[in-house]
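K.L.:
coords please:
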Amino acid sequence: MRDRNESLLWMYERMVEIRHYEETMAAVYLEGKLPPKIQKGLAFDIGSGPVPGEMHLSAGQEPVAVGVCAHLKKEDTVVGTHRPHHFAIAKGVPLQAMTAEMFGKAAGLGKGKGGHMHLFDPENRFSCSGIIGASLPPACGAGLAAKKLGRDWVAVAFFGEGAANQGSFHESLNLAALWKLPVLFVCEDNYWAISVPKPEATSIPKVSDRAAAYGMPGIHVANNDAVEVFEAAGPAIERARRGQGPSLLEVRTDRYLGHFQGDAEVYRPKDEVSKLRANDPIPRLAAQLKAQGLMDDARRAQIDARAKGRVDEAYAYARAAEYPAPADALADLFV
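P.N.:
Now for the predicted structure:
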């Protein structure tokens, strides 16, 4: 395992990688989807371009992923959400195969058949789903498997604040507490459940307060700060490794982009995103590292270039990769 200083540098590099990945995808995704000029009857075409289908991006929410995953081992399980790229990158899912999957290429994680909301990487023990609240039950299953095998593996379920109102949330927390499963439940509170603000959908200000009802610790991180998430997640993960059961961690984070790409975002105040971006967690972490003498401007430029280079290589690989053969359309299906 890394020491604290190594973890902080790792978190910074992964955050730069995630941000560049999401900003690149925001541009790539729009290719072929918008008409060259606005004409009657022409509109956003979700099925066109190199990356068809919906796209949910996580720019701004990097601290949640890196602050938690910095404590994990390869054998630990992470189950993400419909907005999964930051979790996948932080867990070590290979960028080239992940990107190829989104491009629908045969070299993708699911041979191009799953798309961006269905990324499965058994080697790095990562999965995700487009169903709200669907991350929690599988994480309990992974935690139960670890317990029965006598391993110190931990499972992490990431979910949004909207999913905290689903039945799967309550059932999973109850079961994990009852059986003392090694699970960390992480609520990624970006305030918006699609277009519904948290106060209009959730009866209490803090989802983490619900932990008391299930006899587990509830931790709340009020700032979108990678170091604060790192320091909050560490004890909870170690508690799970010691066999002392689950914890619920809630992090208030910021979603810079729409719920999906193409979202008009008419529900958001016009100046909300600009205010959120003024508190960008990436330069804030860079300033913290510089103040601690862990990174100067030259090293920061080197790290930034290395992280962005990996992303650029992944997109180039995905563009050049082959599409599946038509004969493979019915392969790998349950019948």
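
K.L.:
pull the CA atoms of stretch 141-148 into CSV?
P.N.:
Output in CSV follows, covering the C-alpha atoms of stretch 141-148 (Å, rounded to 0.1, in the frame of the first residue of the first chain):
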residue,chain,number,x,y,z
GLY,A,141,-22.8,-9.9,-2.4
ALA,A,142,-19.1,-9.2,-2.8
GLY,A,143,-18.8,-8.4,0.9
LEU,A,144,-20.5,-11.7,1.8
ALA,A,145,-18.2,-13.6,-0.5
ALA,A,146,-15.1,-12.0,1.1
LYS,A,147,-16.4,-12.9,4.5
LYS,A,148,-17.2,-16.5,3.7
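
K.L.:
any idea how far it is from the chain center?
P.N.:
Distance of stretch 141-148 from its chain centroid, counting by Cα atoms, centre = their mean, to the nearest Å, is 22 Å.

K.L.:
just stretch 43-58 next, same as before
P.N.:
19 Å.

K.L.:
avg pLDDT for it?
P.N.:
Stretch 43-58 shows a mean pLDDT of 92.

K.L.:
what are the buried residues along that stretch?
P.N.:
By 16 or more other Cβ atoms under 10 Å, the buried positions in stretch 43-58 come out as Gly49, Pro50, Val51, Pro52, Glu54, Met55, His56, Leu57, Ser58. Quick note: C-beta positions are derived from backbone N, CA and C, even for glycine.

K.L.:
all helices of the chain, in order?
P.N.:
For the chain, applying DSSP state H gives helices covering 4-29, 62-69, 85-91, 95-102, 136-149, 167-179, 226-241, 272-277, 281-291, 297-320.

K.L.:
any idea how far Ala107 lies from Gln96?
P.N.:
As judged by Cβ to Cβ, to the nearest Å, Ala107 and Gln96 stand 7 Å apart.

K.L.:
hey, what's in contact with both of these two?
P.N.:
Jointly contacting Ala107 and Gln96 under the rule Cβ atoms under 8 Å, 6 or more residues apart in numbering are Tyr317, Ala318.
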